[in-house]
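Participant: Attaching a predicted model along with its sequence, questions to come.
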Amino acid sequence: MSVKKSDLLLAKIRDGAVLTNNEKLRLIISLSIPSILAQLTTTLMFFIDAAMVGSLGASASASVGIVETTLWLFFSVANACTIGFGVQVANAIGANDFKRARRVMRTGIVTSLLVSVTLCIIGIAVCRRLPFWLGAGADIAGDASIYFLIYVGSVPFFQLNGFFANMLKSSGNMRTPSALNILSCVLDVVFNFLCIYPTRTISFLSLNIPLPGLGLGVAGAALGSVIAIVITVILMAHSALFRSPILALKHDIGDKNISWRPDFSVLRRMIKISSPLAAQYCLMNGAQMVSTMIVAPLGNFAIAANNFAVNAEALCYMPGYGIADAGTTLVGQSIGARRFDLCKSLAYRCVAAGMIVMAFMGFIMYIAAPELMGLMTPVPEIVSLGAQALRIEAFAEPMFAAAIICSSCMVGAGDTAVPAAMNLFTMWGIRLTIAAWLAPIWGLAGAWTGMAVELTLRGIIFLIRLIRGSWLKKSMLSAELKV
C-alpha cells in the first residue's frame, strides 16, 4: 500500500472515522512489512557478521558470544527510555496535538544523551573484568573485552539511532527508519569485511584483485558495526528533525515558547512507562547472562553454538518484532484519539498475523537448521550442537510471537508494569530453572529445552491477559492520557 493511503488510514483513526475490517488488515500490513524487511535484513547482517567471525575459528566466535548478552543489557536499558517517549509521541499524534509530539521529542533527545553517556561510562569501567565474571577462559577474554569496549563506547550513537527511528515509527512512518536500517546492515557488512580481514589478493577470472583490509579480527567486527551506525544515525536524525511532516522542527520556528529544556511532565510519564521496562530488560538480560554462564562450562563449542543459534533464531522472531512495531503504533495512536473501540480489534489482528508468520518461519527453521548453522561456521561440532538447539526452539515460535506482540500492544497503551512482571516470572522462574537442571545432563540441548518451554508458557499467559482486556481498561481510566 502506498504511503499516502497508509497516512489516510492513520488520519481516519485520529479523526474518529470508521475503519472496515479490510482497512484494518491493510493498515497492519502496510506498517508491518517495512519493519519486517528491516528486521530480516538485520538478521541477515548477523548471519554474515557471524560467518565472518566464525571463519576466524571457534575461539573468536566464543569471545563474541560470551559478552553479547551483556551488550544486549546495555542497549535494552537505552531502548526502554526510548519507548517511554515513543508512546507519548504516538498518543499526542493520535490526539492531533503535533506540537506536543515535538515537545516530547526534544525532551527525549536531551534525556537519551544523558542516559546513553552514563551507560557508556559504566561499560568502559567494567570491560576488562567482564569476560572473567561471565566464566570466560584466558584464551578468549582479551578479544571479548576489546569487542565489548568498542561496542559499549558507541552506546550514544546506538541509542540516538533507535530514538529517532522510534519517533518516526510513532508518527506512522515505518518506511524511512526501515530503509535506513537496511542501509545500516549493508554498510555493516562492507565495513566489517574491511575491518576484520587483512589486505589480501583474490583470483577471479584469471585476474588477481587486491582487497584492502585492516586485519583487526574480532575487534574489526565491532568497529565495522560502529562505523555503520554512526552514518545511519546522521541520516535518521535528519529524517526526523528536518523532513518529517509532523515532527520536523521547522514547524516550531517563530514560536517563542519553544525550549530544549526537558519538560518534567513528559519525563514523569516516561519514567512511569519506561521504569518497568528498564527493570524488565535489566533482569531479562541478567537472566541471559546467567544462561550464558550455564552454557559456559560446556566448552567453547557450546558457547559458539549457543551464540550462532541465537542469531539464527532471529530469522524466526524478527518478523514478529516487525509486526509488534505496527501494534505499538496503532494502539498508541488509537489510545491518543480515544478510539478504545479500535484498540482490541487492532491488537487481536496483529497477534494473529504474527503467530501465523512465526509458525511458518519456525517450520522453515526446523527443516533448514543444519544449513543455517553451516552458513555461520565451518566447524562440524558447532553446526551439530546449534542445529539441535534450533529444532527444539522451532516448536515454541508461535507462542513466542504471541508474547512479543501482546506485550508491544500493551506498551502502546502505556501498560508496562504487569507485562514486565510476567516476562520476569517466566524467565527466572521457568527458563533458568529448567536450563540449570537439564544443561549438565543434556548439554546445550537442555538449556534450549528450558527456553522452549518458557516461551510457550509465556505466550499462553500473554494471550489470556490480552483477551481479558485489563491492559486496556487501565488506559481508559488513566487521567494521564489527556494529552
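Facilitator: Received the coordinates, thanks. What you see is a predicted model, and the numbers here were worked out from it, not measured in a lab.
Participant: For Thr69, which three-state class applies?
Facilitator: helix (DSSP: H, G, I helix; E, B strand; the rest coil).
Participant: Quickly find the element holding the residue nearest to it when sequence neighbours are not counted.
Facilitator: Sequence neighbours aside, Gln288 is the residue nearest to Thr69 in space, at 3.9 Å (criterion: CB to CB, 6 or more residues apart in numbering). C-beta here means a position set from N, CA and C on the backbone, and glycine is covered the same way. In the assignment (DSSP states H and E), Gln288 maps to helix 264-295.
Participant: now swap in Gly374 and tell me
Facilitator: Here Gly374 is assigned to helix 340-376, by DSSP H and E.
Participant: tell me which strands and helices that helix is in contact with?
Facilitator: Applying 3 or more CB pairs under 8 Å, 6 or more residues apart in numbering; DSSP states H and E, we find helix 340-376 packed against helix 21-54, helix 300-336, helix 380-393, helix 397-412, helix 444-468, helix 470-477.
Participant: So what angle separates the directions of that helix and helix 444-468?
Facilitator: 170 degrees (axes from the mean of the first three to the mean of the last three CA atoms, to 10 degrees).
Participant: Please work out how many residues are found near the residue nearest to Thr69.
Facilitator: Using other CB atoms under 10 Å, Gln288 has 20 neighbouring residues.
Participant: Check the one 3 residues further on too.
Facilitator: The burial metric for Ser291, expressed as a neighbour count using other CB under 10 Å, is 24.
Participant: could you measure it against Ala144, distance?
Facilitator: Distance of Ser291 to Ala144, given as CB to CB, to the nearest Å: 17 Å.
Participant: cool, and Ser112?
Facilitator: Taking CB to CB, one finds Ser112 at 27 Å from Ala144.
Participant: Compare neighbour counts for the two and give me the winner.
Facilitator: Ranked by neighbour count (other CB under 10 Å), Ser112 and Ala144 place Ala144 first, with 27 against 21.
Participant: Remind me what the helix or strand encompassing the more buried one packs against, helices and strands.
Facilitator: Per DSSP H and E: Ala144 is located in helix 138-152. Applying 3+ CB pairs under 8 Å, 6+ apart, one finds that helix 138-152 contacts helix 58-94, helix 98-126, helix 130-133, helix 218-238.
Participant: If we use 6 Å, what do you get?
Facilitator: helix 58-94, helix 130-133, helix 218-238 (3 or more CB pairs under 6 Å, 6 or more residues apart in numbering; DSSP states H and E).
Participant: and the shortest one, how far from the chain's centre?
Facilitator: Centroid separation for helix 130-133 versus its chain: 24 Å, with CA atoms, centre = their mean, to the nearest Å.
Participant: Can you tell me what sits against that helix?
Facilitator: Ile66, Ala141, Ala144, Ser145 (CB atoms under 6 Å, 6 or more residues apart in numbering).
Participant: What residues sit buried inside it?
Facilitator: Leu130, Pro131 (16 or more other CB atoms under 10 Å).
Participant: pull the CA atoms of that helix into PDB?
Facilitator: This file holds the C-alpha atoms of helix 130-133, laid out as PDB (Å, rounded to 0.1, in the frame of the first residue of the first chain):
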ATOM      1  CA  LEU A 130      33.500  -8.700  32.500                       C
ATOM      2  CA  PRO A 131      34.600 -11.800  30.400                       C
ATOM      3  CA  PHE A 132      36.100 -13.400  33.600                       C
ATOM      4  CA  TRP A 133      32.900 -12.600  35.600                       C
END
